[in-house]
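Peer 1: With the input below, show me the fold.
(chains A, B, C and D)
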Protein chains: 4
Amino acid sequence: MEANGSYFNEGGGQDGPFDRLREECGVFGVFGYEDAASLTYYGLHTLQHRGEESAGICTSDGHTFRYHRGMGLVKEVFDKDRLASLEGDRAIGHVRYSTSGDSRLANAQPLVFKTRDGDLAVATNGNIVNAPMLRRELEQKGSIFQTTSDTEVIAHLIARSESDFVTAAKDALRQLVGGFAFLILTNDKLLVASDTYGLRPIVMGRLGDAWVFSSESCALDTIGADFVRAVEPGEMLVFDAMGYRSERFAPVAKRALCSMEFIYFSRPDSQLYDVNLHTARKRMGMRLAEEFPVEADLVSGVPDSSISAAIGYAEKAGIPYEMGMIKNKYSGRTFIQPSQELREQGVKMKLSAVRSVVEGKRVVLIDDSIVRGTTSRRIVKMLRDAGAKEVHLRIASPPFKNPCFYGIDTPTSDDLIASTHTVEQICEMTGADSLAFLSQPGMIEAIGGAFTKEASGGLCLACFDKEYPTPIGVSANMTSCGC
Amino acid sequence: MEANGSYFNEGGGQDGPFDRLREECGVFGVFGYEDAASLTYYGLHTLQHRGEESAGICTSDGHTFRYHRGMGLVKEVFDKDRLASLEGDRAIGHVRYSTSGDSRLANAQPLVFKTRDGDLAVATNGNIVNAPMLRRELEQKGSIFQTTSDTEVIAHLIARSESDFVTAAKDALRQLVGGFAFLILTNDKLLVASDTYGLRPIVMGRLGDAWVFSSESCALDTIGADFVRAVEPGEMLVFDAMGYRSERFAPVAKRALCSMEFIYFSRPDSQLYDVNLHTARKRMGMRLAEEFPVEADLVSGVPDSSISAAIGYAEKAGIPYEMGMIKNKYSGRTFIQPSQELREQGVKMKLSAVRSVVEGKRVVLIDDSIVRGTTSRRIVKMLRDAGAKEVHLRIASPPFKNPCFYGIDTPTSDDLIASTHTVEQICEMTGADSLAFLSQPGMIEAIGGAFTKEASGGLCLACFDKEYPTPIGVSANMTSCGC
Amino acid sequence: MEANGSYFNEGGGQDGPFDRLREECGVFGVFGYEDAASLTYYGLHTLQHRGEESAGICTSDGHTFRYHRGMGLVKEVFDKDRLASLEGDRAIGHVRYSTSGDSRLANAQPLVFKTRDGDLAVATNGNIVNAPMLRRELEQKGSIFQTTSDTEVIAHLIARSESDFVTAAKDALRQLVGGFAFLILTNDKLLVASDTYGLRPIVMGRLGDAWVFSSESCALDTIGADFVRAVEPGEMLVFDAMGYRSERFAPVAKRALCSMEFIYFSRPDSQLYDVNLHTARKRMGMRLAEEFPVEADLVSGVPDSSISAAIGYAEKAGIPYEMGMIKNKYSGRTFIQPSQELREQGVKMKLSAVRSVVEGKRVVLIDDSIVRGTTSRRIVKMLRDAGAKEVHLRIASPPFKNPCFYGIDTPTSDDLIASTHTVEQICEMTGADSLAFLSQPGMIEAIGGAFTKEASGGLCLACFDKEYPTPIGVSANMTSCGC
Amino acid sequence: MEANGSYFNEGGGQDGPFDRLREECGVFGVFGYEDAASLTYYGLHTLQHRGEESAGICTSDGHTFRYHRGMGLVKEVFDKDRLASLEGDRAIGHVRYSTSGDSRLANAQPLVFKTRDGDLAVATNGNIVNAPMLRRELEQKGSIFQTTSDTEVIAHLIARSESDFVTAAKDALRQLVGGFAFLILTNDKLLVASDTYGLRPIVMGRLGDAWVFSSESCALDTIGADFVRAVEPGEMLVFDAMGYRSERFAPVAKRALCSMEFIYFSRPDSQLYDVNLHTARKRMGMRLAEEFPVEADLVSGVPDSSISAAIGYAEKAGIPYEMGMIKNKYSGRTFIQPSQELREQGVKMKLSAVRSVVEGKRVVLIDDSIVRGTTSRRIVKMLRDAGAKEVHLRIASPPFKNPCFYGIDTPTSDDLIASTHTVEQICEMTGADSLAFLSQPGMIEAIGGAFTKEASGGLCLACFDKEYPTPIGVSANMTSCGC
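Peer 2: Residues are numbered from 1 along each chain as shown, chains lettered A, B, ... in the order given. Coordinates of the predicted model:
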C-alpha cells in the first residue's frame, strides 16, 4: 500500500484515486515539566505521521489556559513566538488527520471548553461508536455543540455530571463505546485514559520528575524520556499536585490492540508493549517468504511503509533486496497534481519505478496491505513499464475485508477489494504474475512478544476476521475517526 | 554523514553544528513541449534534493519571457495560477541550495537579463573557478552586477561579445574554468552546455517530439521521457526551430565526473552513464564488507543516504540489516530547533537511535562519508546511549580530505577531519569501537560500468586525492558553489 | 479625541498611551438575496469602522450553514474564493473590535452552534449587563462555553428552552439586561432584535425582494438598499419562508439610544432616525461656537472624527477653517510603532500638526470628546511645537464622566479625567489656553430631529449624567463589550 | 477627480474605469543617523500616498549594503525583524506606484548594483525622456539590464564612466533629459540630485547632526527634522565623511516645478518652497468661487483630494460646506470589487453620496481635475440618484489637455477629455447642470508665494498649455514614469 497518514508519508499529496488507510490522530501530554509546550512540540513532531492536517497545543500553569491550534504540520502551525507564549508546566497536544470534508480549523484539537469547574481541554485519538446517540441525547437536554468531533461529547458528559470532576470523568468514559485514548486537562489535573479494550495505543513515560504521555513510544525517545508502561485497557490515570493514581472506569477486559498499528501506522522505532515495530514488520516479511516463496531476481518494497517487510522477505528468501521503487518525499499538501493528460503521458507523482534496477528482472514486490486495489494495479503497471519481466506481489498482512469503527478511516466493505474478490481475482485485477497475503496466524506469530500469549494475540483483527471487540450499532460513525 | 542537500534530506533543518556537504543546484529544461512549465515543475520537483532553498522557472513562447522565482521548495514557490501563467513551449528551471549568507531571492535562478539581442535567461549548476577574475575584468569595463552568482558572468560575456549569439556563447564558455552545467534560453534558442571535464552531470532525454534536459536522469523518468545520452564534456548543444546541433567549445578532454554524485548527491534511481546509483552504492557497501569485515549482530545505515550501502554490507557480510537509526522526515526549514538545554536533556532533532533494535547489540553503522566528524561523534553517542554494546563505523567512501571547487559546498581543509587526523585519531574522536573507510580503488571498482575503463574511472577524485582536473587559482571561490 | 474604532480610524495603530473609546461591533444581515454573502461583504466593509479586529460571515441556503471568520479587516479575511464558497440566500455578518486581551479568533463572530434544532448562528453588537450571572447559572446546569463572549449566553438559553424556537428566543431575550442588537440565523429563520431601550442601533432596509439589516444606515446605501425603519426597542423580527412578522419580547419602554453614536461612532453618512450624522455634528460645532466663542485666527478639528464639528464651529464663528492637523491614513495594525527614543526625538505616528498653517496663529481646536486627557495634552503640545500662539480647546460633547455598560469600551471612572477633575484643572493639564465643553442641552438640541421631542432626547446620556437606563449590577461586565 | 496615488487615496482599489492620475514614486534618504533604516521607514510611511505598490530600503554602515524590497505598503513590506536587520547610519528608501503591467518585484527600488567601485543603490522619482535611446546605446555596448526601470540607466552610465565616482555621476546626470529626483548611495557617499528644471520636488532637512532628504517636506515634519531647503534644479549634493558640498551638473535654468503637485499629489501638510499645500488648494477654491460663482444650497468636495478647495469655495461663496460625498477608507488592494451585476444594482465601491445631505439640494461639487471624464459622470449620477436637485461641477485647475512625460502616469491626448472636447461638451457628457474650470492665471495666483514672481509661476504647466520645458523626443516613454 502506498503510504498516507502513516510514518511513511509526508504531506498528504494524493496520488491517484483514493486508496489508503488513514490514521486519525496522535496525542501527547506532559505533566510537571517547566516548559511543557516545547516538549509537546517535539513530541507531536515525532507523531506527525499520525496526522498532518492540523496541530494544537494547550497548556496550563495551574491557573490559566493558553492554547494555539492551526491547519498544517506542527512546524507550520507553531513558530518560536507562538510556542514561547504557551507557558505552563503541563500541556496536551494533538495532531489530526481527517477526511477532507471535515478539514476544518474548528475541529482541530485540543478542544477547549469553559465549564462550571473552569477550563477543560481534551485531546483524543480514536472513535466513539455511540457518539451520535450520545450527542442526540445531549442536544435534547439543551447542550450546544461547536464541532462535529466526537471529542466534544465527553466534555459535555463531564460538564453535566453532578459528581466531582474525577468521578464525572469516569462516569463519562464508562458511557463511551469504541476505541480511543484521551488526554483531559484542567487547571489542576491531567487525566489519561484508554478505552476498555486498549484499541488505540497510549503510553506513559518519565522525564526527570515529569510525566509524559504519547500515542507512540517513539515520541518518548525523541524527548529523552524513559518508557514506563502502556496505559491499560479501561484505566484512567489522574495526575495532580498530590502525584498520580490509577483508577478503573471499566472492568478488566480482553486487550484488543489495533493490528494495523503493527502493519502500517506506527513508526518503525516505536514499540507496542515489548515489540519493536521495525522488527515485527521484518519478521512479517520473513514469515511471508516462508509461506509464499517465489523464484525471483530481486525483492523490493513499496516505500516507505513496506521496506522493513521487504528486507525481511529478501533475507529469508536469500534474494537480493533492491530499491526497485522510489518515492519523492517532497510531495505533500501544496504539491500541484499532474493533469490527467500529463499523467497519461507518463508523469509520475509520488512513486516511480527504477528502470535500471528492475529492467529484465523478476521482481518480488512487498506491500503492507491492499485496500481498494487501485494503487496495487498502478504500481504493478509501473514496474512492467519499467521493464520488469515478472511481478510477484506479496502482502505482509491478511486480506483487508472489513471497515474499522475505531479510528481508522476505511472505505465501506463494498470498496474493500478483498471483501468482494478472491485472491485470484485480485491478482488478475492488479496485473501481477502472482499474489499472496500473509496468513493471520503467521502475522500474529510474527508480531510475537506479548502478543503470542493468546490466540488472538491480544489484537483487534476485525478488519481481517470481522470479530469486532465492541458492539457496532447501526448508527455507528462508519467510515472515519471521531477525533 | 547525515544527509542535507541530497536526495536523502528534506527541508534543511540543521541538526547540530554544520557538518555536511551541500550540493548546490539542479537544472531542468524543455524545448518543444506545449506546456513546458508544467514539465519543468515536475522535473524540478524530482531534483528538489539538489537544492531546497529557492526555485524558479523561465519560459518562452518564442516571443515573450515569463518567469517566476521564489524562496522555498518547488511546491511552495509555485501554485496553479503561477504555473498556468508561465506560457510557452520552452522553459528552463532551477533549484538552488546555498550557504546561508547568500540565501537571497536576488540570487534565485534562472537569472533573466535584457540585452541587445533581447531577453536571456541562464540556469546553472556548478562553480566557475575563475569567476572572481572574470568579474573584476567585466566591472573594470563598466559592467554592473546584480547578484553574487557566478552565473551572471556568462551573461555579461555573451552580451559584450560582438559575434553572433551562438559564437558569443561558445567564446564565453571557453573562458570559464570550473565545473558547471548551463542551460541558456533566448526567445529563439535553447543552449545546453557541460564544462570541459564533465564535472557536473547533465543529461538529455526525449519526450515525443520534445527535448528535455536534466541534472539527473531520475527527472526524465518522472515525466515519462526517454534517456538519450549525457551531454559530453566541452559540448554545447543548440536547439532552435531548425532542430538541434552539437558544437564543441573546448577540445575533447578526459572526463572527470564528480565522484560525490555517486557517493551521496544523486538520487538512488538516477543513473550516471550506465550506472544506477542505488546499485553502485550497494556495491560500495558490499566492497566495504570485503575490505573491512567485523563481527557484529546487525548492520544499520545512517538514513537516508547510507541505506543502500548498508544493505550491501549486510548482504555481503551475512549480518542482518536492521533499522537502528531513524530520521524524522518532517523536519525542515521552519522546524524550531531545540534549545541547548533541551538538547542536553536528550531531545533529539532529526535522527534518533532505535533502542529496542540496538540495545545490547554489536552494531555496524554505515555512513557515506565523514566531513567534520561532529555528526559521526553524535551518532555514535546516540547509539551507545540507546544501549549498543559496540559501534563499528564503516564509511562507504575514502577519507574526504580536500575542498571542492566545482560546486560542492565544503569546509576548508583545516575543518575536514580526514585532512588533519589519521583514521585512528578519527575513530577515537568519534568514540567508535572501530572505523574504516572504503579504499579508492575499491570505490572505483564498485561504481563499475563505464567508470572502470580507466584508472581514475573517469571520475573527479580531488576531494580524496587532490588531483584537481583544472587549475585552481589563488582567488578561486573556495567554499561554495557559484550558482 | 483621536479616533479609534470609529469611522475615522483605520487599522488601530496605537498612538501614545491608550486614550480612546472603542465601539465594539457592527452587524449586517441579509434575507432572501441570491448571493447573500457578497452583499454582506460590502455591508460589513461599510461598517468596518465599528470593528477592525475580526470579521465573519455565516450563510445558509436553507439546508446547510457555511461560514468563515478571521482576524483582520473584511478585505483581509475574505478573498474571492472564500466569498464564493459561502453559498446561500441568507447571511449574517459581523465586524469586531475588542480589548487586546480578548483578541482571539475563537471570539470572532458570527458564533455558530449545533443544537437539537440544527445549526444556529449569532452575531451581536453590544453588551449584556447580566451575562456573568446568566453564564454562571448555565454552567451550573452543565453548559459548556467555548468563548468569553456574551453572545454565547443567548445560544445556550435558546438551546435549553423547551419551547419552540421563536418562543425560546423571545424568552431568552427577555432574560437579558443591557444594550444589544442581535442577528440570529437558523436554516429556516432569521431573527433580528434590539434591546429594551434601543441602546444599540439596528436598522432594516429593502433591496428588491430581499431584506437587509445593519448597525448603521450607511451600509444600506452602499449596497443600494432603501432604508425602511429602525428596529424598535424590545422588538424581535422573525423572517422565514412565510414572510416576516414583528414580535415584542419586552413591553414598550422609553428609547435611550447611545449618544456616543452621534458624537463619535457612526459614519457621517449614516442617519439615526431622521438625523444625518455629519449634519448633527456640524450643528454641535455651531452650537459650541455659540456657547463658547473665542477670538482666533483659525479653526481646526482633530481628524477625522471632529472635522464636521470644526467646520460648523468655523462657519458659525466666522473664523476660517484650516487643516491644522493631519492624520496618516496608512497607519494600522502592522505598522511598527516608533521606539520611545524616536518619539522623544519627534517622530510622529499618526497625527501631526501642520506648521505652515498654525505657526504664529491663534488656533481653535475642536475635538469630539476627552477620555483620559492624554491625547489632548499631546495634541496641544504638538500644535505649540509647531508654533501655534494660542490653543483653545473646544469639545463638541459634555464632559465624559461615567463608564458605559452597553458595549462601549471605556476606562473606569477613576481614569476618566472629567470624572475626577474640573474643567479648569483639565484645561491646565492639557496645556490649552482655554477649554470648554458643549452643554448637554446644547448637544440634545443640536442633534435635533426625532431626538428633541423629549427632555432626554430619547438618548442614553449615562456617560455624562449617570442616568443609566437599566439596572447596573455589581457583577456587571464593567469595561468592555460582550460581543 | 477621484483620488488615486495621491495623499487622498489608500490602497489603490479601482473604482470604475481607469480614470486617474498616478504619481509614480516617493524617495527618502538619511545620512549620518545611527538607526537610518527606522527614520527611513517613518519617512516612507509619510510618503506612502506617492506609491502604494512596492517599498524598499537600502542601508550602508560604510562597509556593507543591506536592503529589503517588497510588494505592498511600507507597513506590509517591513516587520520589526526586517527593519532591525537593516543596520547602518545612511539609507535610501523608495515607495513606488506603477502601471499594472510593470507591477513587478524586480522593478521595486532602491535598485542595487555591484560595480567596479563597489555597491551602488539608486532610488528615483520621475521619468527620463531619453531613457529608451540611452538604453539602446548601452545595450549595443554590451550592457545587461535586469529591469524595465529607467533608473537602471543611470547606474550603467556611472559604471561605464572612466572618471571618479562623483564626476561620473555628474556626467551621467548631464546626459539625462526629463524630470527626476535621484538618491544614489555607495558605501561612502550619498548623492542627491534634481533634474535641470526642478520638475520633481526633493527637499533636504536636518535632524541633529544628520541630513535627511525627501520628496515632500511632510516627511521631515513626521520625523521631527527641520526643513532646510529644496534641492535646486540642476544641483547635485555630495555627502560623505568630509561633510557635504553642492555641485552643479547643469547650468542654472528656469525652474518648472510640476503643477500637479499643487493640485493633487502632495500631502496637504507639505510645503513646496514657501507654499503650504492645503492653503494653496483652499485659495484655488476661493479663486474658483470668484471666477465661477453659482447659486446653490451647499458645497461639497470629492474626498479626499478636493476637500481643501471645497472649503475655500464655500468660505468665499458664503455657501455652507457639507459632506455630500463620502469615501470608504478601508478599500484597497485586496478589496474584492463588486461584480458588474452588483454594481448595476447599486453597490457602491469607494465613493458614495450622502442622501440625507444632498436630497432636494442644489449642490456645488468641487473636484481637483478631470482626466477622462468617466469618474465625473459617475459622481454626478450618484448625486442625482441621491436626490440632488442641481449639480454644479467646479474644477480647481485648468482643463487637463496634454500628457505628462515627467513621471505622471497620464493617458494619451486622445483619452484626455479636455483635449478633445469643449467645456460645454464635457458638461453635457458628465450630466452636470454647469461646469467650470479654474483659469491658469487664477491657479498661479492662488498658489502664490514664490510662484508668483514670474509669469509661469516657476511651474511646469505643460499638461494645460503644452509648454514642455524639455525637448520631447519621438521615442519618449509616453505614458508612464520611469521609476
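Peer 1: okay, whichever residue of the stretch 1-150 of chain A sits closest to chain C: pLDDT?
Peer 2: Shortest the stretch 1-150 of chain A-to-chain C distance, computed as C-beta to the nearest C-beta: residue-wise this is A:G142, at 3.4 Å. C-beta: built from backbone N, CA, C; applies to glycine. According to the prediction, A:G142 has pLDDT 94.
Peer 1: list the contacts for it?
Peer 2: Residues touching A:G142, when contacts are defined by C-beta atoms under 8 Å, 6 or more residues apart in numbering or on different chains, comprise C:T115, C:R116, C:S143, C:H156, C:A159, C:R160, C:S161.
Peer 1: Tell me how far it lies from A:L176.
Peer 2: When C-beta to C-beta, to the nearest Å is the yardstick, A:G142 and A:L176 sit 21 Å from each other.
Peer 1: Can you name the residues of the stretch 151-300 of chain A that neighbour chain B?
Peer 2: Applying C-beta under 8 Å from any C-beta of the partner chain, one finds that the stretch 151-300 of chain A approaches chain B through A:207-208, A:218, A:221-225, A:267-269, A:271, A:276, A:278-279, A:282.
Peer 1: let's go with 6 Å and repeat that
Peer 2: For the stretch 151-300 of chain A, the residues in contact with chain B under the definition C-beta under 6 Å from any C-beta of the partner chain are A:D221, A:T222, A:I223, A:G224, A:P268, A:D269, A:Q271, A:N276, A:H278.
Peer 1: list the contacts for the fifth one?
Peer 2: Meaning A:P268. A:L277, A:H278, A:S308, B:M323 (C-beta atoms under 6 Å, 6 or more residues apart in numbering or on different chains).
Peer 1: Which parts of the stretch 1-150 of chain A are strands?
Peer 2: With DSSP state E, counting those that start in this stretch applied, the stretch 1-150 of chain A shows strands at A:25-31, A:54-60, A:65-71, A:90-96, A:111-115, A:118-128, listed in chain order.
Peer 1: Go through the contacts of A:G142 and flag which are in helices.
Peer 2: Among the contacts of A:G142, the ones falling in helices (DSSP state H) are C:H156, C:A159, C:R160.
Peer 1: would CSV of those with pLDDT be doable?
Peer 2: Written out in CSV, the entries for the ones in helices among the contacts of A:G142 read as follows (pLDDT from 0 to 100):
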residue, pLDDT
C:H156, 96
C:A159, 94
C:R160, 94
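Peer 1: so which of those comes closest to chain D?
Peer 2: Proximity of those to chain D (C-beta to the nearest C-beta) peaks at C:H156, which lies at 33.9 Å.
Peer 1: distance between the ends of stretch A:82-93?
Peer 2: With C-alpha to C-alpha, to the nearest Å as the measure, the first residue of stretch A:82-93 is 14 Å from its last.
Peer 1: After the lowest-mean-pLDDT helix or strand in chain A, which helix or strand is next?
Peer 2: The least trusted helix or strand in chain A, going by mean pLDDT, DSSP states H and E, turns out to be helix A:340-344, with a mean of 84. The C-terminal neighbour of helix A:340-344 among helices and strands, as given by DSSP states H and E, is strand A:351-353.
Peer 1: Give me the buried positions along that following strand.
Peer 2: Neighbour-count burial for strand A:351-353 flags A:L351, A:S352, A:A353 (criterion: 16 or more other C-beta atoms under 10 Å in any protein chain shown).
Peer 1: dump the residue contacts of the residue of the stretch 101-250 of chain A found nearest chain B.
Peer 2: Nearest to chain B, among the residues of the stretch 101-250 of chain A, is A:G224, at 2.1 Å (C-beta to the nearest C-beta). Shown in contact with A:G224 (C-beta under 6 Å, 6+ apart): B:Q345, B:G346, B:V347.
Peer 1: Just to check, the last one is in contact with B:P338?
Peer 2: Yes - applying C-beta atoms under 6 Å, one finds B:V347 in contact with B:P338, separated by 4.3 Å.
Peer 1: about what we covered before: got the strands of the stretch 1-150 of chain A as CSV, with mean neighbour count columns?
Peer 2: What follows is the strands of the stretch 1-150 of chain A, written out as CSV (neighbours: other C-beta atoms under 10 Å in any protein chain shown):
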stretch, mean neighbour count
strand A:25-31, 30
strand A:54-60, 29
strand A:65-71, 19
strand A:90-96, 31
strand A:111-115, 22
strand A:118-128, 27
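Peer 1: A:G301 is in contact with A:A314, correct?
Peer 2: No - because the distance of 8.9 Å does not satisfy C-beta under 6 Å, A:A314 is recorded as not touching A:G301.
Peer 1: which of the contacts of A:G224 come close to chain A?
Peer 2: Checking the contacts of A:G224 against chain A (C-beta under 6 Å from any C-beta), the matches are B:Q345, B:G346, B:V347.
Peer 1: nearest spatial neighbour of the first one, skipping sequence neighbours?
Peer 2: Translated: B:Q345. Distance criterion C-beta to C-beta, 6 or more residues apart in numbering or on different chains; nearest residue to B:Q345, sequence neighbours excluded, is A:G224 at 5.3 Å.
Peer 1: Roughly how far does that neighbour sit from C:A241?
Peer 2: A:G224 sits 63 Å away from C:A241, going by C-beta to C-beta.
Peer 1: Repeat that for A:R394.
Peer 2: Separation of A:R394 from C:A241 (C-beta to C-beta) stands at 61 Å.
Peer 1: Between these two, tell me which one has more neighbours.
Peer 2: Counted by other C-beta atoms under 10 Å in any protein chain shown, A:R394 and C:A241 do not tie: A:R394 has more neighbours, with 29 against 8.
Peer 1: Now name the helix or strand holding that one.
Peer 2: strand A:390-395.
Peer 1: now that strand: mean pLDDT?
Peer 2: If you average the per-residue pLDDT over strand A:390-395, you get 98.
Peer 1: A:F65 against A:D119, yeah?
Peer 2: Yes - counting by C-beta under 6 Å, a contact exists between A:F65 and A:D119, whose distance comes to 4.3 Å.
Peer 1: and the closest residue to A:H278 other than its chain neighbours, which of the three is it?
Peer 2: Closest residue in space to A:H278, ignoring its immediate chain neighbours: A:P268 at 3.7 Å, by C-beta to C-beta, 6+ apart. Under DSSP: H, G, I helix; E, B strand; the rest coil, A:P268 falls in the coil class.
Peer 1: pLDDT value on A:P268, please?
Peer 2: Model confidence at A:P268, given as pLDDT, is 94.
Peer 1: now it: how far from B:M323?
Peer 2: 5 Å.
Peer 1: Need the overlap of contacts for those two.
Peer 2: Common neighbours of A:P268 and B:M323 (criterion: C-beta under 6 Å, 6+ apart): A:H278.
Peer 1: Need the contacts of A:G224 in CSV (columns: pLDDT).
Peer 2: Shown next, in CSV, are the contacts of A:G224 (pLDDT from 0 to 100):
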residue, pLDDT
B:Q345, 79
B:G346, 80
B:V347, 83
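Peer 1: okay, those in TSV with distance to B:D195 and neighbour count next?
Peer 2: Formatted as TSV, the entries for those read as follows, by distance: C-beta to C-beta, whole Å; neighbours: other C-beta atoms under 10 Å in any protein chain shown:
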residue	distance to B:D195	neighbour count
B:Q345	49	16
B:G346	47	17
B:V347	44	22
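Peer 1: And the residue lying closest to A:Y97 once chain neighbours are set aside, what's its pLDDT?
Peer 2: Spatially, and ignoring its direct neighbours in sequence, A:Y97 is nearest to A:G51 (3.8 Å; C-beta to C-beta, 6+ apart). Model confidence at A:G51, given as pLDDT, is 90.
Peer 1: Next, count neighbours for A:G51.
Peer 2: Using other C-beta under 10 Å, A:G51 has 29 neighbouring residues.
Peer 1: dump the residue contacts of it.
Peer 2: For A:G51, counting by C-beta under 6 Å, 6+ apart, the contacting residues are A:C25, A:G26, A:V95, A:R96, A:Y97.
Peer 1: again, but for A:H278
Peer 2: Counting by C-beta under 6 Å, 6+ apart, A:H278 touches A:P268, A:S308, B:M323.
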